[in-house]
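A.B. asks: Provided below for reference: sequence and predicted model.
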Amino acid sequence: MSGIRVLDLTSVLMGPYCTQVFCDMGAEVIKVEGPEGDSSRHIPPYKDSRNGGIFTSLNRGKRCISLDLSKPEGRDACLDLARTCDVFIHSMRPKAIQRLGLDYGNVAEFNSSIVYCNLLGFGRRGRYSGLAAYDDAIQAISGLVSLQQELVGEPAYIPTVLADKVAGLTAAYAILAALLHKERTGVGQQIDVPMFETMASFVLVEHLCGYAFDPPLGRPVYPRLMAVTRKPYRTLDGHLSVVVYNDKQWANFARLVGREHLIHDHRFATLADRSRHVDAWNTAVAEVIETRTTDDWLTILAEAGIPAMKVNSTQDLFTDPHLRDVGFFKTFEHPVDGRLRLPGFPVEFHCTPAGFDMPAREQGADTAAVLREASFSPERISELQRAGVFDVRSAVPKPATA
């Protein structure tokens, strides 16, 4: 994405995750913050820069500028910057972005070929349009919380901001498609990425099941995933994830553990049979797995071609030998916070390597430099400072080194 310029008015997680992907793939991302800054900067823990770990990870490699968009001078500066960009993305509600005068119609007047992305809670044509949306709320309304309730007995959230990240990735591929269209035709467009519809689509990939048919042939849940026995298996000294899924794996497993009779058991003979008797299937596997240690099973099952993995904590990821082999984590020296360790870009491009060479910047560190590059005169920059559009401290960039 080298040569693509993104004007990023998003905050917290969904939008910054989308633009982080672009930045890692070579785009120039200009992150625009108001005087209060992105609230995720202040989620602890943090060190002297007061940039929390979440912000540091999501905003690596971006150029950070401060503009008070509530002031006419700030809005006008933003519109002038939009002239120089290929993508404009924000995560405000429709009425809020309209009040600022930064909706698609106004931005397109300055740059008719812009790819303009609205990150929304809900689609504009529905009755929920304009409602505030956060990850927890979208997990609830999209069915995820209800699915968890069936498994654990009470409503429960997935312990990751799944809706934000899925919507952010959806926005990324939608914007890439629009950029490809622009490359072919010279025509930009407006894109709406609603969290609710995105997550409803995501959840129903596998849970559509019987509701693919009219009238339905069963509940809209995938039975294997809703079995209470679907969980890591206990070993002699811990727990192990084992997926004995297709017919070949099942036959190999049964022979390996000396339970050949299971191959011909009418409940387990085929994948369809095992799906109909999923609790009995999981129980049969569990009875075998509990007889050996985790390491013993990892060796035995790997030789038999049966997928098995130990249960890692998030802390274990930082010492996982495979992640170390592939150089997953990157370290940087920050001018204020010292050494940082961040996850790298997970995709390997063999001709055009992706990644980042700069950790997250301090608020407003690049304001003056970005305005100068956009042909703002020294006089106009001084006027913007006097008008309070950005803090004078933003005029002095504080470089971070990789």
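C.D. replies: Thanks, I have the structure now. Numbers count the residues shown, from 1 in each chain.
A.B. asks: Name the residues of the longest helix belonging to the chain that come out as buried.
C.D. replies: The helix that spans the most residues within the chain, counting by DSSP state H, is helix 162-185. Of all the residues in helix 162-185, those buried under the rule 16 or more other C-beta atoms under 10 Å are 162-164, 166-172, 174-176, 178-179, 182. (Each C-beta comes from the backbone N, C-alpha and C, glycine too.)
A.B. asks: Go through those residues and say which is closest to Glu287.
C.D. replies: Nearest to Glu287 among these: Leu162, at 32.7 Å, using C-beta to C-beta.
A.B. asks: which element is the residue nearest to the closest one when sequence neighbours are not counted on?
C.D. replies: Of all residues not flanking Leu162 in the chain, Gln139 sits nearest, at 6.6 Å (C-beta to C-beta, 6 or more residues apart in numbering). Gln139 belongs to helix 135-141 when assigned by DSSP states H and E.
A.B. asks: Relative to Arg127, how far out is the residue nearest to Ala227 when sequence neighbours are not counted?
C.D. replies: Closest residue to Ala227 apart from its sequence neighbours, by C-beta to C-beta, 6+ apart: Val278 at 4.4 Å. Val278 sits 38 Å away from Arg127, going by C-beta to C-beta, to the nearest Å.
A.B. asks: Looking at the two, which is more packed in?
C.D. replies: A count of neighbours by other C-beta atoms under 10 Å puts Val278 above the other of Val278 and Arg127, at 18 against 7.
A.B. asks: Contacts only, for that one.
C.D. replies: Applying C-beta atoms under 8 Å, 6 or more residues apart in numbering, we find Val278 in contact with 223-224, 227, 229-230.
A.B. asks: Break down this structure into its strands, ranges please.
C.D. replies: For the chain, the strands defined by DSSP state E cover 5-9, 28-33, 63-66, 87-90, 115-120, 189-194, 233-234, 239-242, 308-310, 329-334, 338-343.
A.B. asks: which of the buried residues of helix 162-185 lies closest to Ala284?
C.D. replies: Leu162 (31.2 Å).
A.B. asks: Correct me if wrong: the closest one contacts Asp136.
C.D. replies: No: judged on C-beta atoms under 8 Å, Leu162 makes no contact with Asp136 at a distance of 10.3 Å.
A.B. asks: so where's the stretch 251-400 of the chain shaky on pLDDT?
C.D. replies: The model of the stretch 251-400 of the chain has pLDDT under 70 over residues 392-400.
A.B. asks: ranges for the helices of it?
C.D. replies: Taking DSSP state H, counting those that start in this stretch as the test, the helices found in the stretch 251-400 of the chain are 261-264, 271-276, 278-289, 294-303, 321-325, 367-373, 378-386.
A.B. asks: Nearest approach to Ser201 belongs to which of those helices?
C.D. replies: Comparing those by their distance to Ser201 (C-beta to C-beta), the top pick is helix 271-276, with 23.4 Å.
A.B. asks: Which residues belonging to the closest one are considered buried?
C.D. replies: Those would be Arg274, for helix 271-276 by 16+ other C-beta under 10 Å.
A.B. asks: and if you look at stretch 364-375?
C.D. replies: Quick answer for stretch 364-375 (16+ other C-beta under 10 Å): 364-368, 370-371, 374.
A.B. asks: now swap in stretch 228-241 and tell me
C.D. replies: Buried, per 16+ other C-beta under 10 Å, within stretch 228-241: 233, 235, 240.
A.B. asks: Now do the contacts for the residue positioned nearest the centre of the chain.
C.D. replies: With distances taken as C-alpha atoms, centre = their mean, Lys165 lies nearest the centre of the chain, 2.8 Å away. Residues near Lys165 by C-beta under 8 Å, 6+ apart: 13-14, 17.
A.B. asks: Check the burial of Pro94 by counting its neighbours.
C.D. replies: 14.
A.B. asks: Pretty sure it sits against Phe122.
C.D. replies: No: look at Pro94 against Phe122 with C-beta under 8 Å: they stay out of range, at 10.1 Å.
A.B. asks: what touches both of the two?
C.D. replies: With C-beta under 8 Å, 6+ apart as the test, Pro94 and Phe122 both reach 129-130.
A.B. asks: Look at the residue nearest to the centre of the chain and report its pLDDT.
C.D. replies: Looking at Lys165, its pLDDT is 98.
A.B. asks: What separation do you get for it and Ile381?
C.D. replies: 37 Å.
A.B. asks: for Phe329, same thing?
C.D. replies: Phe329 is 38 Å from Ile381, by C-beta to C-beta.
A.B. asks: Of those two, which one has the most company?
C.D. replies: Higher neighbour count among Phe329 and Ile381: Ile381, with 18 against 14, using other C-beta under 10 Å.
A.B. asks: that older thread, which among the contacts of Val278 gets closest to Gly53?
C.D. replies: Among the contacts of Val278, and counting by C-beta to C-beta, the member closest to Gly53 is Arg230, at 31.9 Å.
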